[in-house]
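**Q** could you work out the structure for the sequence below:
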Amino acid sequence: MKPEAAIAHIPRLRRYARLLTGDAARADDLVQDTLERAVRKWSLWRMPAEGDPAAALRRWLLTLMHHLHANHRRDRGWFDDHAELDDANEPRHEPHALTAQRLDLERGLASLAAPLRETLLLVSVESCSYAEAAEVLGVPVGTVMSRLSRARAQLRERLEGVPARAPLRVVK
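**A** Now for the predicted structure:
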C-alpha cells in the first residue's frame, strides 16, 4: 500500500479534526500535519496480516492525529477543553430549529474534557469499536468504556439539564 491510500481517509480525518478542535482552520492544519507525518513515517506503517488494510490505515492515521492534537494542545496552548460561551445570553436569530440543536451539541462537546470528547467522537462519530478506539488513544479497553460512559452522561446532563443518575447502591 502506498501513501496515496491515505487520500481516501481525508474526509473522515477532517470530520474528526473539526469536532476535536472546534475550529475549521485548526482542523485543516491538524489534518495537514497528520498527512505530512504519515508520509514521513510511512515506512513505520505495517499492513496487517489479516483484517481490512484500509481500516488499519484509518486507525493508524487517527492515532497520528490524536498524538499531534495532544502535542498541539500542550505546545501551543490549545487548552480549549471548555467552550467559550460569552455570547450565550445574547438573542440570536435561528432560521432553522436544528441549527440551535447543532450549536448546543457543539458547545456540549466542547465543554467535555479532551479525553472524554476524543473517546466519544471516535466511538460515536467515527464508528470505531472499543478496541479500535483503545488502540488509537493508547489506553485499555476498560478505560474507553469508562470514558465513554462519563462523556455520554455529562453530555446528556449539559444538553437536557438532567443530572446523571447516581449509581445504585445495594441495600442488604
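**Q** contacts and neighbour counts: CA atoms only from here.
**A** Will do.
**Q** how close does Ala24 sit to Ser146?
**A** In this view, Ala24 and Ser146 are 29 Å apart by CA to CA, to the nearest Å.
**Q** just the CA trace of the helix or strand containing Arg150, in CSV.
**A** Element membership for Arg150 (DSSP states H and E) is helix 141-160. The C-alpha trace of helix 141-160 is given here as CSV (Å, rounded to 0.1, in the frame of the first residue of the first chain):
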residue,chain,number,x,y,z
VAL,A,141,-10.5,-1.0,26.5
GLY,A,142,-11.9,-0.6,30.0
THR,A,143,-10.7,3.0,30.0
VAL,A,144,-12.5,3.6,26.7
MET,A,145,-15.7,2.2,28.2
SER,A,146,-15.4,4.3,31.3
ARG,A,147,-14.6,7.5,29.4
LEU,A,148,-17.5,6.8,27.0
SER,A,149,-20.0,6.3,29.9
ARG,A,150,-18.9,9.5,31.6
ALA,A,151,-18.9,11.5,28.4
ARG,A,152,-22.4,10.4,27.5
ALA,A,153,-23.6,11.2,31.0
GLN,A,154,-22.0,14.6,31.1
LEU,A,155,-23.2,15.5,27.6
ARG,A,156,-26.8,14.3,28.4
GLU,A,157,-26.7,16.5,31.6
ARG,A,158,-25.5,19.5,29.6
LEU,A,159,-28.0,19.1,26.8
GLU,A,160,-31.1,18.1,28.8
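**Q** packing partners of the helix or strand that contains Ala56?
**A** Secondary structure from DSSP H and E places Ala56 in helix 53-76. For helix 53-76, the elements it packs on are helix 10-21, helix 24-40, helix 130-137, judged by 3 or more CA pairs under 8 Å, 6 or more residues apart in numbering; DSSP states H and E.
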